[in-house]
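Participant: Dropping a prediction and its sequence here:
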Amino acid sequence: MLFDTCRIGRIETNCRIIRSATFEGMGRYGVPTENLTKMYEKLADGGAGIIITGMMATNKMEPRQHCQIRIDDDQCIEPLAKVVSHVHDHGSKVVAQLVVMGSAILLPEVPEGEHRIIFSPSGVTEKVAKWTQESQALTVSQIHELTSAVALAAERAQKAGFDGVQFHGAHGYLASKFLSPHFNTRTDEYGGSLENRARFLLETIAAMRKAVGPDYPIWVKLNCADFMEDGSLTFEESKQVMAWLADAGVDAIEVSGGNTSSLPRKGPIRAIKRTKEPMYFKNYAAEAAASLKGKIDIGVVGGFRSAEEMEQALEETDLAFISMSRPFLRQPDLPKRWREGDTEPSLCISCSRCFGAENVDCIFNKREKQEG
């Protein structure tokens, strides 16, 4: 089942293993570098059915993450189209992840002469890594501007040849914060009830669908829960949002969870040996997939390390796909190895020392290159 040719979220693929969006830090002034193209070629050659790009900047209102790829004007289309062409030439599919970062941004790169702001739904101060992050509450007109910017970014991704787009609605980025009553204390139509808190996400999806037409694949990454001490998105609320997304014509949801304000060892990226929770979002995603069977494809990311456990998850649930991030940094050819009979689990030890500001790679790969 894991290596069956299938259709996921309206995209034809040769397996159900997906490379989840991973920040690569391989942009130069927002333009993809040769290193990024080579990374995607290795992933394609290594057997990933679908590659989801690292999060792309969609607007010029906020600063970009350092070395982040951008898709915020039409000049971005041509260089991105070249990357897409390389992925297709190597036999894989690629989905562009679009994001409005909001106050979850780190290490901002602000082009000289441009005035940009760090914003959030309500201007709630938060802790991001080692820093205390201040932000500016969005006005309704700014919310509409951001919605339009994402729709235009989706249209650019379509023109560049991407096989679909995924909107990032998880991990404490802006759409995720709108869903959270902790970060969203608004009293207008974008705050209060779950329906109001989901308005930004749903309006953005509607704008994207209008921009790209009825048949182009739109996916969403969504938290199953925020796992915060108080006032966060719950699983029951998340399931309702998933149902609304299905009704809105979203083709697939990748289930994740947590943010930088989650309880200890309850964030999006976990050290499996310490939490004793491999496949930590599987049960949430499986329950959601069962309740929405036939309406939308549900997949999951987080803590999968062997073909056996992935196959079992697919056989025992209604999940449509399994995503991985860190294991692909250690072994970009992992799906190919498994397909060819090498059943050894991923060598990834979940240390998270791979992530940095630029040229993201597994720490063991870096050591091997230095020693070689």
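Facilitator: Received, thanks. As the structure is a computational prediction, the values presented were derived from the model and not from experiment.
Participant: C-alpha from now on. contacts and neighbour counts both.
Facilitator: Fine.
Participant: wait, is residue 166 part of a strand?
Facilitator: Yes. Counting by DSSP: H, G, I helix; E, B strand; the rest coil, residue 166 is found in a strand.
Participant: Tell me how far it lies from residue 55.
Facilitator: 9 Å (Cα to Cα, to the nearest Å).
Participant: Overlap in contacts, those two.
Facilitator: 96-98 (Cα atoms under 8 Å, 6 or more residues apart in numbering).
Participant: among these, which ones are buried?
Facilitator: 96-98 (16 or more other Cα atoms under 10 Å).
Participant: Output these in a markdown table, with distance to residue 335 and pLDDT appended to each entry.
Facilitator: Formatted as a markdown table, these follow (distance: Cα to Cα, whole Å; pLDDT from 0 to 100):
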| residue | distance to residue 335 | pLDDT |
| --- | --- | --- |
| 96 | 21 | 98 |
| 97 | 22 | 98 |
| 98 | 25 | 98 |
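Participant: Out of the residues you listed, the closest to residue 353 would be?
Facilitator: Within these, the smallest distance to residue 353 is 22.8 Å, found for residue 97 (Cα to Cα).
Participant: which residues touch that closest one?
Facilitator: Neighbours of residue 97 in contact, by Cα under 8 Å, 6+ apart: 21, 52-56, 165-168.
Participant: secondary structure class for it?
Facilitator: Quick answer, by three-state DSSP: residue 97 is strand.
Participant: how close does it sit to residue 248?
Facilitator: 18 Å.
Participant: what does residue 184 give?
Facilitator: 23 Å.
Participant: Residue 341: which element?
Facilitator: Residue 341 belongs to no helix or strand when elements are defined using DSSP states H and E.
Participant: And residue 207, by the same measure?
Facilitator: Short version, using DSSP H and E: residue 207 is in helix 199-212.
Participant: What sits closest to residue 73 if chain neighbours are left out?
Facilitator: Excluding the flanking residues, the one nearest residue 73 by Cα to Cα, 6 or more residues apart in numbering is residue 153, at 7.6 Å.
Participant: is it true that the one you found touches residue 100?
Facilitator: No. Here residue 153 lies out of contact with residue 100, judged by Cα atoms under 8 Å, at a distance of 10.9 Å.
Participant: shared neighbours of the two, which are they?
Facilitator: Joint contacts of residue 153 and residue 100 (Cα under 8 Å, 6+ apart) are residue 58.
Participant: In terms of packing, which of the two has more residues around it?
Facilitator: residue 153 (31 against 27; other Cα atoms under 10 Å).
Participant: Over to the more buried one. Which of the three states is it?
Facilitator: Residue 153 ends up helix, using three-state DSSP.
Participant: From residue 183, how far out is it?
Facilitator: 26 Å.
Participant: try residue 128
Facilitator: 13 Å.
Participant: between those two, who's got more neighbours?
Facilitator: Between residue 128 and residue 183, counted using other Cα under 10 Å, residue 183 has the larger neighbour count: 22 against 17.
Participant: for the more buried one, what are its contacts?
Facilitator: Here residue 183 is in contact with 120-124, 177 (Cα under 8 Å, 6+ apart).
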